[in-house]
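A.B. asks: Give me the fold of what follows.
(chains A and B)
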Amino acid sequence: MSTRTAGEGLTRARKGVAVAGPGTPGGRRVTQRPGASRLTLFAFAAPALFLLVLLNVYPLLYAAYQSLRDGSLIAAGDFVGLENYTKVLVDPAFWAAARFTVIFTLVGVFGSWFLGLALAILLKTRIPGKTVFRVLLLLPWVVPVVVSATAWNWLVATPQSPMPRLAEALGLGNVLFLANPVLAQVTVCVFKVWISFPFMMMMMAAALESVDNNVYEAAKVDGASRWNELTNITLPMISRSTYISWILMTIFCVNDFPTIYLLTGGGPVNATQSLVVLAYNTVFQNFRTGPGVAVAFLMTLVLVVISVVLYRQIRKVQIL
Amino acid sequence: MVSKSGLSRRSFLGMGAAALATPALLAGCSKGGGSAGGGGGGSTEPLKFWNMPWGQTKFNPLDEQITKAYKPAEGMPPVSYQVIQWANFNQTFASAVASRTNPAVSSGGGTQVFQFEAQGGIAYADDLYATWKENGLYDDFLPGLIDTLKVEKGYAAIPYNLDMRVLWYNKALLEQVGAKVPTDWQSFMDAAAELKKNNIYGYGTGAGAGAYTGQHALVCWMINNGGGLFDENKQPNCVTPENIEAVDFILEMVSKGYVDPASSTYTSDNVQSQWKAKKFGMGFDTGGLAANVSGDVSKDLEVMSPLSSPSGKKGALYFPNNIMMYANNPNKKGTEAFLTYYYQNMAPLWTQNTGIGLPPLKSISQTKEFQANKNNVKIIEEWQPISKTWAAPGTEANFLNVTTVDATPAMNVFTQSILGGKTDSKTALQKLQDEVKTNLK
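C.D. replies: Model (predicted):
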């Protein structure tokens, strides 16, 4: 029987390998569970499994079934195979929506992360009224999006709204924040960053708490600048939380319907129509269930790929 | 140090499950097949009546009061009342019909009846009309109204309230600039030019999130000129000389600055705030604009007489909102008995100014309370007789495929592109026609 040092065991444990090594551990007794016990275990798990199937798997399979049919809101329609997918993929509206979804997601994820991280670092310093600031900064996340969207509409919609008046006072002329396609995209993205940064701030604040202050003190002794501390200590040490927050925010952004729909409805002329808005419009306004669900499935496929790539990054940066 | 370990199967499935939320959310949006037929038995269980918030806050309480005052005859069922909000109403009704939990009778979107009728989900009103011909109720409907709901197999629904699109103007603003109330397209353009001198938009409209009046207004101009979106074969026929002329007229107003450049994204609230801020001088809106705008401006808002178009015709778009009976119905006779009571007793919804659209019955429009509102009287007398449905100019009655233009993304994009002014009429109309054809049922 081989003997291992404590250090070897710890290293193996960190790598996710059992201390006793792979395969059946030497000298370990293998006990067979009696059939009745397995049944008991299954019985305990059955309600949860049933709910999982009912709430997740069944709708998913049914959605897949719908995406292969030419149905409407109240009729299943005929089986059309992959026709809905091919039609969607050659539709310029799909690609325009995909393009905006990418822009919206990139700005939403990195904009809110950058702002959230900056504020989390700021709130870690000794500033007066820190608790009050922390609560106030959470408001955009806490307030229902329908209220936020109404407030933003009031801020930017008409020439008499505060933001267009401010722009005019600054000599920028009559700025159409929602009626100009490019500005509407910018406005929607900024709105997304505004309602999302508190989430990122919380994630980053929690991650920053886990960084030992001794590391910073040691770095200072070595003459590290603030920038060096940020790039060589803070960011690497919170990278796992960062990737997790990116994954979550990517899912939030790609699936975000109310932010866009309430502010612009996807307009003007589809300029701010994301894939999820396109899916909604196709199903609930054009009453074409098959292509609408096909859009949602294609969107999901991309989301899974992005999530997997980011998840692999998390595993790569595991610090031992 | 960096671990080289990859993604586990469990992790992959976990990530996938998280990301797969979207199609799952859309999964419940249609039924598994078949149609909601049958019904019509003799149950004495309470019948479900679903009604929408058609007016202001006092509408539904009064409507419920009228419903609950119904005393069924021996052997007939009572009726329960439920308010259905406009938010996501399509899903609400579609889910109910698909799961056979639909009400016995309901109002709803003006064209939803045609979707349900095409799927066999509607009980026809022919028997009901037969009894109403005997008690005089049938003849009480405004001219032509009942026929707007006639389909191949019978009458799909009963007209309930009229959602009109009419031209409004701010009398005080027109007087300030010395402009006359327009009577035709040219005088409308001239008045808009005068209003512009005071930084007032001559053509107030909106086509932003959830605002469909801007779409309706464009079709009003087309119908006014003898055009419209469907031909006599009920096929989309958008690129016609009448429609091109109408769209060119709007594009000219856009290019001359008579239309608020932000209109394409205005919500209904934005439009009303512009009327309230005296930034809009004229424009198409619902019959309830003056009540919705409220404040001191509302007294200056008056309904214009229908304009004479270049073609010499007059017309506008209107929506005969309706009440429908469902095929999956525990007691059709009981439902008809309730509707007879309801139509004979619903006048207070108009005489007490609850904000509902205009009445379908002549007797209500002749009450002194209704006659006290000169705008409403003008709408009934001058606009209702010339107004047409989405089916114009081909047919009078609506049909299933009007749902391809009623508040659809295609119409929204069309309207926003016109109000943005960066297109030409033929291109925009052709694109609309192509899109509508794609969505035909």
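A.B. asks: hey, let's count contacts and neighbours off CA atoms from now on
C.D. replies: Noted.
A.B. asks: Tell me where the chain has strands.
C.D. replies: Picked chain A for this. Per DSSP state E, chain A carries strands over the ranges A:69-70, A:78-79.
A.B. asks: Wait, chain B was what I had in mind.
C.D. replies: According to DSSP E, the strands that chain B contains are B:47-51, B:79-83, B:105-106, B:122-123, B:150-151, B:154-155, B:158-170, B:282-286, B:301-303, B:316-326, B:387-388.
A.B. asks: what's the pLDDT at the spatially most central residue of chain A?
C.D. replies: Residue closest to the average C-alpha location in chain A (Cα atoms, centre = their mean): A:Met249, at 2.3 Å. A:Met249 carries a pLDDT value of 95.
A.B. asks: do the one 10 residues further on as well
C.D. replies: For A:Thr259, the model assigns a pLDDT of 94.
A.B. asks: Kindly provide the distance from it to A:Leu137.
C.D. replies: Shown here: A:Thr259 relative to A:Leu137, a distance of 19 Å by Cα to Cα, to the nearest Å.
A.B. asks: Count the neighbours of A:Ser148 for me.
C.D. replies: 21 (other Cα atoms under 10 Å in any protein chain shown).
A.B. asks: Then B:Trp132?
C.D. replies: Neighbours of B:Trp132 (other Cα under 10 Å): 15.
A.B. asks: Pretty sure it sits against B:Tyr138.
C.D. replies: Yes - between B:Trp132 and B:Tyr138 there is a contact under Cα atoms under 8 Å: 5.0 Å.
A.B. asks: pLDDT below threshold where in the stretch 201-350 of chain B?
C.D. replies: Applying pLDDT under 70 to the stretch 201-350 of chain B flags no residue at all.
A.B. asks: Need the nearest residue in space to the residue of it found nearest chain A, chain neighbours excluded.
C.D. replies: Using Cα to the nearest Cα, the closest approach of the stretch 201-350 of chain B to chain A is made by B:Ala209 at 4.2 Å. The spatial neighbour of B:Ala209 that comes closest, neighbours along the chain excluded (Cα to Cα, 6 or more residues apart in numbering or on different chains), is A:Gly265 at 4.2 Å.
A.B. asks: And B:Asp231, by the same measure?
C.D. replies: Nearest non-adjacent residue to B:Asp231 (Cα to Cα, 6+ apart): B:Gly394, at 4.0 Å.
A.B. asks: Distance of that neighbour relative to B:Gly226?
C.D. replies: 10 Å.
A.B. asks: about what we covered before: put together CSV for the strands of chain B, with mean neighbour count and distance to B:Tyr70 on each row.
C.D. replies: Putting the strands of chain B into CSV (neighbours: other Cα atoms under 10 Å in any protein chain shown; distance: least, Cα to Cα, whole Å) gives the following:
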stretch, mean neighbour count, distance to B:Tyr70
strand B:47-51, 21, 12
strand B:79-83, 17, 8
strand B:105-106, 24, 15
strand B:122-123, 27, 22
strand B:150-151, 19, 28
strand B:154-155, 18, 25
strand B:158-170, 24, 18
strand B:282-286, 25, 31
strand B:301-303, 23, 37
strand B:316-326, 26, 17
strand B:387-388, 25, 34
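A.B. asks: among the ones you listed, which is nearest B:Met411?
C.D. replies: Closest of the strands of chain B to B:Met411 is strand B:316-326, at 14.3 Å (criterion: Cα to Cα).
A.B. asks: Please say whether there is contact between the closest one and chain A.
C.D. replies: No - Strand B:316-326 does not reach chain A (Cα under 8 Å from any Cα of the partner chain); its nearest approach is 13.7 Å.
A.B. asks: Quick one: list the elements packing against that strand.
C.D. replies: Secondary-structure packing of strand B:316-326 (3 or more Cα pairs under 8 Å, 6 or more residues apart in numbering or on different chains; DSSP states H and E): strand B:105-106, strand B:122-123, strand B:158-170, helix B:213-224, strand B:387-388.
A.B. asks: ok, residues contacting stretch B:420-439?
C.D. replies: For stretch B:420-439, the surrounding residues in contact (Cα atoms under 8 Å, 6 or more residues apart in numbering or on different chains) are A:179, A:286, A:288, B:236-239, B:244, B:247-248, B:251, B:254-255, B:261, B:264, B:404-405, B:410-411, B:414, B:417-418.
A.B. asks: Narrow these to those in helices?
C.D. replies: Using DSSP state H, the subset of those located in helices is B:244, B:247-248, B:251, B:254-255, B:410-411, B:414, B:417-418.
A.B. asks: now what about stretch B:63-70, what contacts it?
C.D. replies: B:78-81, B:338, B:341-342, B:345-346, B:349.
A.B. asks: From chain B, how far off is the nearest residue to A:Trp154 once chain neighbours are set aside?
C.D. replies: Spatial nearest neighbour of A:Trp154, chain neighbours left out: A:Ser161 (6.2 Å); criterion: Cα to Cα, 6+ apart. Separation of A:Ser161 from chain B (Cα to the nearest Cα, to the nearest Å): 10 Å.
A.B. asks: now swap in A:Arg126 and tell me
C.D. replies: A:Arg126 is 33 Å from chain B, by Cα to the nearest Cα.
A.B. asks: ok, back up a step: what subset of the contacts of stretch B:420-439 is buried?
C.D. replies: Neighbour counting with 16 or more other Cα atoms under 10 Å in any protein chain shown marks A:179, A:286, A:288, B:236-239, B:244, B:247-248, B:251, B:254, B:261, B:264, B:404-405, B:410-411, B:414, B:417-418 as buried within the contacts of stretch B:420-439.
A.B. asks: Do I have it right that A:Phe79 meets A:Ser67?
C.D. replies: No - A:Phe79 is beyond contact range of A:Ser67, at 9.2 Å (criterion: Cα under 8 Å).
A.B. asks: And these two? Which one has more around it.
C.D. replies: A:Ser67 (29 against 15).
A.B. asks: Now that the more buried one has come up, it's in contact with A:Ala296, right?
C.D. replies: No - using Cα under 8 Å as the test, A:Ser67 is too far from A:Ala296 to be in contact (9.2 Å).
A.B. asks: how deep is A:Trp95 tucked in, by neighbour count?
C.D. replies: Other residues near A:Trp95 number 15, with proximity taken as other Cα under 10 Å.
A.B. asks: Point out where chain A drops to low pLDDT.
C.D. replies: In chain A (pLDDT under 70), the answer is A:1-36, A:318-320.
A.B. asks: Return the residues in contact with the residue nearest to the centre of chain A.
C.D. replies: A:108-109.
A.B. asks: Could you rerun that using 7 Å?
C.D. replies: Residues counted as contacts of A:Met249 (Cα atoms under 7 Å, 6 or more residues apart in numbering or on different chains) are A:Val109.
A.B. asks: Against A:Tyr65, how distant is it?
C.D. replies: Note on A:Met249: its distance to A:Tyr65, by Cα to Cα, is 29 Å.
A.B. asks: Same question for B:Gly210.
C.D. replies: For B:Gly210, the distance to A:Tyr65 equals 30 Å [Cα to Cα].
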